[in-house]
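J.: this one's structure only:
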């Protein structure tokens, strides 16, 4: 099942107080970036974020879910309706996230 454009729009609206949020479509799903780092994504109309010390502390009871078969588990953001919480979550996670790897150019 793919994620809907409507759900993508909703999540982006919830993140609209943050500067430099972007996304990339990937096989019917969406990778979410904050200031160039991957924070998570939208998978089957679920907003999942990477597990970091901050995301675990802010969502201690969050369900751990696989975005797709074979992927590392991520945390389900159940408070997606709470715009302030979601923004604080992403900001808290940012320093703990790895830099995005540069893609090698094709020859």
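T.: Okay, I see it. Being a predicted model, the structure only gives us computed values, none of them experimental.

J.: Mind listing the residues bridging to the residue nearest to the spatial centre of the chain?
T.: Nearest to the geometric centre of the chain sits residue 40, at 2.3 Å (CA atoms, centre = their mean). On the basis of DSSP bridges, residue 40 is bridged to residue 32, residue 49.

J.: What is the burial count for residue 8?
T.: For residue 8, the neighbour count with other CB atoms under 10 Å is 18. No exception for glycine: its C-beta is placed from N, CA and C like everyone else's.

J.: Quick check: the gap between it and residue 31.
T.: 11 Å (CB to CB, to the nearest Å).

J.: between these two, what contacts are shared?
T.: Shared contacts of residue 8 and residue 31 (CB atoms under 8 Å, 6 or more residues apart in numbering): residue 23.

J.: Okay, helices next: where are they in this protein?
T.: 5-14, 53-58, 83-93 (DSSP state H).

J.: List the buried residues for the shortest one?
T.: Under the neighbour-count criterion of 16 or more other CB atoms under 10 Å, helix 53-58 has 54, 55, 58 buried.

J.: now do stretch 37-55
T.: 37-43, 46-52, 54-55.

J.: who's in contact with it?
T.: Identification of contacts with stretch 37-55 by CB under 8 Å, 6+ apart yields 1-4, 7-8, 11, 23, 26, 29-33, 62, 64-65, 67-68, 73-77, 80, 89-90, 92-94, 96-100.

J.: ChimeraX command for the buried members of these?
T.: Remark: buried members of these, expressed as a ChimeraX selection using 16+ other CB under 10 Å:
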select :3,7,8,11,23,29,30,31,32,33,62,67,74,75,76,77,80,89,90,93,94,97
